[in-house]
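Generate a structure from the sequence data that follows.
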Amino acid sequence: MSLTLSIEHEAMRLAEPFRISGYLFEAMPAVVVTVTEHGLGGRGEAAGVYYLGDTQASMTSQIKQCRASIEGGITRQRLRDIMPAGGARNAVDCALWELESRRAGVPVWQLAGSPPPRPLVTTFTIPADDPADIPSKLAPLAAARAIKLKLSGDLGDDIARVRAVRAVRPTVWLAVDANQGYERASLGALTQVLVEERVALLEQPIRRGDEASLRGWHAPLPLAADESILDLAELRERHAHFDVMNIKLDKCGGLTEALLMVEEARRLGKQVMVGNMAGSTLATAAGFVLGQFCDVVDLDGPYFLAEDTEAAKIYHDGRIMVASDFWGVGETATADRR
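Residues are numbered from 1 along each chain as shown. The predicted structure follows:
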């Protein structure tokens with residue numbers, strides 16, 4: 001078995017600049033990998049992990065270094081041995097999943113051990129803009145059943161942001177994401193307000209590497225790990241500080257590792273969340289498979305892109321549904337083989 005590998009770059013421009021704690025994004029450039037065998041192709045997309053320095057150039061270089069092994073017919077399990085976790089491995093891993101689906105004539109969700117996919121309620125994210133702008137950001141999201149609000153790390157502004165969301169959407173499921181913007185000493189004042197405003201989840205309040213500062217603190221609402229836990233090894237090392245694990249394919253290096261993380265998180269008694277590093281519908285299709293196993297779904301990446309013709313098709317009534325045959329084969333292919 002031999003494969004042909006190709007790599008393309010996509011600009012992934014955002015429709016509007018997007019602000020989080022410490023960063024302002026205008027695009028999330030991605031690498032798209034295609035592996036082909038006897039006319040069958042598999043695709044995978046990755047934006048990488050910006051806070052670890054992933055770029056199109058660095059991901060492309062990593063993939064090219066492993067070209068011979070990939071084109072020699074690598075398995076997904078072997079790929080985990082020769083490439084580190086991160087965007088480059090994610091792109092190749094997802095391409096191998098789609099190729100496997102097409103070889104077998106079996107949908108990816110079935111290969112992953114999922115029941116038939118169902119529409120999933122997904123969060124839609126509000127950037128850490130001026131609190132006065134929150135109502136205008138919420139206006140296009142009237143159908144959203146769940147909102148995730150980005151925080152800036154400025155306590156006064158963040159409290160104003162949370163209250164602004166609640167003023168417009170008093171009953172919506174609401175999470176906040178601090179993106180490492182807080183010190184432990186400030187969390188008491190922040191979480192007091194979050195509880196008052198019925199916020200359901202606080203994601204990544206402290207810096208990656210500062211997890212020990214949470215030891216002994218009993219947070220009054222669930223804490224989710226994002227930047228603090230990248231892959232399976234870090235899940236095992238750092239899970240004790242968090243209640244919810246936000247698994248992103250770009251962080252952990254693909255759907256293969258992500259499914260192992262779900263299994264381990266469940267064993268440890270943790271909840272599981274699927275997130276994305278922006279990304280088009282192609283990247284989101286793999287996350288949607290993972291989302292079938294998750295408690296919280298944050299797959300709004302395509303919604304915020306300037307150019308994704310498929311995005312309008314996958315969101316309806318606050319939910320996301322990616323057709324099986326968009327990435328891999330659909331159910332009809334399975335039926336045809338019987």
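
Would you agree Arg166 is in contact with Leu174?
Yes: with the criterion set as Cβ atoms under 8 Å, Arg166 and Leu174 qualify as a contacting pair; they are 7.3 Å apart. No exception for glycine: its C-beta is placed from N, CA and C like everyone else's.

Compare those two and say which is more crowded by neighbours.
Of the pair Arg166 and Leu174, Leu174 is the one with more neighbours under other Cβ atoms under 10 Å, namely 22 against 19.

That one: what's it in contact with?
Contact criterion Cβ atoms under 8 Å, 6 or more residues apart in numbering gives 146-149, 162, 165-166, 197-200 as the residues in contact with Leu174.

Thr256 now?
Shown here is Thr256, whose contacts under the criterion Cβ under 8 Å, 6+ apart are 76-77, 79-80, 93, 97.

One more: His38?
Under the criterion of Cβ under 8 Å, 6+ apart, the contact list for His38 is empty.

If I look at it, what pLDDT would I see?
Predicted confidence (pLDDT) at His38: the value is 94.

The one 5 residues further on too?
Looking at Arg43, its pLDDT is 98.

what does the helix or strand where it lies contact?
Element membership of Arg43, judged by DSSP states H and E, is strand 40-46. Residues external to strand 40-46 that are found in contact with it (Cβ under 8 Å, 6+ apart): 10, 30-36, 59, 87-88, 90-103, 249-250, 254, 279-280, 282-283, 286, 327.

sorry, back to before: now, among the contacts of Leu174, which is nearest to Leu187?
Leu187 lies nearest to Val199 out of the contacts of Leu174, by Cβ to Cβ, at 12.9 Å.

That closest one - how many residues pack around it?
21.

Hmm, Val176 and it touching each other?
Yes: using Cβ under 8 Å as the test, Val199 is close enough to Val176 to be in contact (5.6 Å).

quick revisit: could you pull out the residues contacting both of Arg166 and Leu174?
The contact sets of Arg166 and Leu174 overlap at 197-198 (Cβ under 8 Å, 6+ apart).

tell me the contacts of Val32?
Contacts were defined as Cβ under 8 Å, 6+ apart; by that measure Val32 touches 7-10, 43-45, 91, 282.

how does it look with 10 Å?
Val32 makes contacts with 6-10, 12, 43-46, 91, 94-95, 280, 282-283, as judged by Cβ atoms under 10 Å, 6 or more residues apart in numbering.

Can you tell me which of those residues is closest to Asp54?
Out of those, the member with the shortest distance to Asp54 (by Cβ to Cβ) is Ala46, at 8.0 Å.

The closest one and Val33, how far apart?
To Val33, Ala46 is 8 Å away according to Cβ to Cβ, to the nearest Å.

Same check on Arg238?
When Cβ to Cβ is the yardstick, Arg238 and Val33 sit 29 Å from each other.

Repeat that for Asp154.
Computed as Cβ to Cβ, the Asp154 to Val33 distance reads 39 Å.

who has more neighbours, the two?
Taking other Cβ under 10 Å, Asp154 and Val33 do not tie; Val33 has more neighbours (25 against 14).

Now do the same for the more buried one: its pLDDT.
pLDDT recorded at Val33 is 98.

which residues touch it?
Val33 makes contact with 5-8, 42-46, 59-60, 63, 70, 88, 90-96, according to Cβ under 10 Å, 6+ apart.

secondary structure class for it?
strand (DSSP: H, G, I helix; E, B strand; the rest coil).

neighbours around Ser61, how many?
Neighbour count for Ser61, taken as other Cβ under 10 Å: 11.

thinking it is in contact with Thr55, fair?
Yes: counting by Cβ atoms under 10 Å, Thr55 is a contact partner of Ser61 at 9.3 Å.

ok, then the element right after the longest helix seen in the chain?
Across the chain, the longest stretch assigned as helix under DSSP state H is helix 87-104. Tracing the chain C-terminally past helix 87-104 and defining elements by DSSP H and E, one meets helix 108-111 next.

Not counting its own residues, what contacts that following helix?
Contacts of helix 108-111 from elsewhere in the structure, counted by Cβ under 10 Å, 6+ apart, are 42, 94, 97-98, 100-102, 104, 114-117, 255, 285-286, 288-290, 292, 322, 324, 326-329, 331, 334.

Now find how far off-centre that helix is within its chain.
The chain centroid and the centroid of helix 108-111 are separated by 19 Å under Cα atoms, centre = their mean, to the nearest Å.

List the buried residues in that helix.
Of all the residues in helix 108-111, those buried under the rule 16 or more other Cβ atoms under 10 Å are 108-110.

do the same with stretch 70-81
Neighbour-count burial for stretch 70-81 flags 70, 74, 76, 79-80 (criterion: 16+ other Cβ under 10 Å).

mind putting the residues you listed in a markdown table, distance to Gly318 included?
A markdown table is the format used below for the buried residues of stretch 70-81 (distance: Cβ to Cβ, whole Å):
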| residue | distance to Gly318 |
| --- | --- |
| Ile70 | 39 |
| Ile74 | 39 |
| Arg76 | 33 |
| Leu79 | 35 |
| Arg80 | 35 |
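
Save those residues as TSV, and put in pLDDT, distance to Glu211 and secondary structure too.
Output for the buried residues of stretch 70-81, formatted as TSV (pLDDT from 0 to 100; distance: Cβ to Cβ, whole Å; DSSP: H, G, I helix; E, B strand; the rest coil):
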residue	pLDDT	distance to Glu211	secondary structure
Ile70	98	34	helix
Ile74	96	34	coil
Arg76	98	30	helix
Leu79	98	28	helix
Arg80	98	24	helix
